[in-house]
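[1] Starting from these lines, generate the structure:
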Amino acid sequence: MPNQFPKKITDIITIPFSVDKFGLYSITITARCQSSKQDLKVEIDLLKFRELPPKDKPQYNNIPPSWNGTELKGLLKIIIFTLRLNKGAHKLIFIPTEEAIIDEYKIESISDPQDIQFNPEMQAEDGDRRPWLIFTLVDLPLKSITADISTKWHFLDGDDVKLIIDNTIKKNSNSIFHKNWVWSANVFNIFSKERQEITFTENLQDDVHYIEFWADKTPIIHKVKIELGEINLKRIPTIDDPEWTGDLNDDSDQIILARAIFGEARDKLYPDKARIAVGWSIRNRVEDSRWSNTYQGVIMEDKQYSAFEKTDNNRPFVENPFWKDSEIDKIAWYNCYNIAGKVINGEIKDPTNGGNHYYDSSITTPYWATKKTLVLIINREDNKATLIFHKL
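    Modelled structure (predicted):
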């Protein structure tokens, strides 16, 4: 953990980190905000957290995985993000409003996804009802959660802990006055702590889930066990770790389109217009009812894109753009990935004007290529090859 924390921040800060293998990780962040004008939110890579359920106008502040000075009044709040991370570089982005204090953060690998336990043995700072410990599950299921918590009665008041899962408050059936506080101190236990371990079975499907523990006074949380149930920990290819998993259906739209552009047109002697045209010719098929309506379906159709044929020389580059460990290939891959995203999002105009077929001049002109269907010709810089696009 970096030694510059605790740290007061007033501007956005980005903290890079890396992991040496794909897997399930926890990212624990302890922070605090003092006044009603102070907030803090965090992003992990490009992931922004918002309210549940999502609304038309997204709310990113004052949600469970953020810090709000009105609620906290300077008291600490701990958020533990549990998520899959691919091998390679990542970043934490802290975004404060006015000012926030980050006490610490840590990133840890979860060795056994079927036995996730946190043992904080932590006592809450003395204060009134406020969020205290938040678990954020990212694209994961939740079978059950078990918490072991101690409470004690103090003069005229006692410790209490509330549990909220995805905006639903768990009820205390043993108390009329504390029905929203599952763990609640008993006035008759003024000289001792009352410790309870309680399990809640949820059976929630893969999604983003917020598990909130709210504290009143100074309860102690000893242990939290999260049971995910059935979980697929298959690695998902990313821009920095693009090697295929053995199944191209695991790719996002942007990854598989980038593979196609890279495999078919990474040649640096072609201008970017050629790569954009290849990307758009594939998108035009996706949007045409004659082909599949998915990028995977179009690209993986048999005998359509030679780079995906198992016997093609470009196939190793499709499976892993970094397989040769070449700096030129890495630069080309990042460029293809960027172009793929812009094509998918419509951020680049279609230079083919609806083209959905192409071939290069190294092969015999296909039967379907006619002057009537021709829409675009792109030459290599050395004029030794040409990409020809048609709209059928």
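[2] Output the helix or strand where Gln296 lies as PDB, restricted to C-alpha atoms.
    Taking DSSP states H and E as the definition, Gln296 sits inside helix 295-299. C-alpha atoms of helix 295-299 as PDB (Å, rounded to 0.1, in the frame of the first residue of the first chain):
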ATOM      1  CA  TYR A 295     -20.700  -9.200 -34.100                       C
ATOM      2  CA  GLN A 296     -19.700 -12.700 -33.000                       C
ATOM      3  CA  GLY A 297     -22.300 -14.200 -35.400                       C
ATOM      4  CA  VAL A 298     -21.100 -12.200 -38.400                       C
ATOM      5  CA  ILE A 299     -17.400 -12.500 -37.800                       C
END
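[3] roughly how far is it from the heart of the chain?
    23 Å (CA atoms, centre = their mean, to the nearest Å).
[4] For the helix or strand just after it, name the packing helices and strands.
    As assigned by DSSP H and E, the chain's next helix or strand after helix 295-299 is helix 315-319. Packing partners of helix 315-319 (3 or more CB pairs under 8 Å, 6 or more residues apart in numbering; DSSP states H and E): helix 253-265. Backbone N, C-alpha and C define where each C-beta goes, glycine included.
[5] shaky segments in the stretch 1-150 of the chain?
    1-3 (pLDDT under 70).
[6] hmm, 80 instead?
    1-3, 46, 54-56 (pLDDT under 80).
[7] how about the helices of it, start to end?
    69-72 (DSSP state H, counting those that start in this stretch).
[8] per-domain residue ranges of the protein.
    7-227, 248-390 (automatic domain parsing).
[9] Compare the ones you listed and give me the one nearest Ile239.
    domain 248-390 (5.0 Å; CB to CB).
[10] how far is that closest one from where the chain is centred?
    27 Å.
[11] Leu228 - how many residues pack around it?
    Using other CB atoms under 10 Å, Leu228 has 21 neighbouring residues.
[12] Begin at 46 from now on, thanks
    Okay, residue one is now 46; in that scheme the one you just asked about reads as Leu273.
[13] Find me the pLDDT at it, would you?
    On the pLDDT scale, Leu273 is placed at 96.
[14] I'd guessed it sits against Asp157; true?
    No. Leu273 is not in contact with Asp157 according to CB atoms under 8 Å; the separation is 10.6 Å.
[15] Can you show me the strands along the stretch 246-395 of the chain?
    265-272 (DSSP state E, counting those that start in this stretch).
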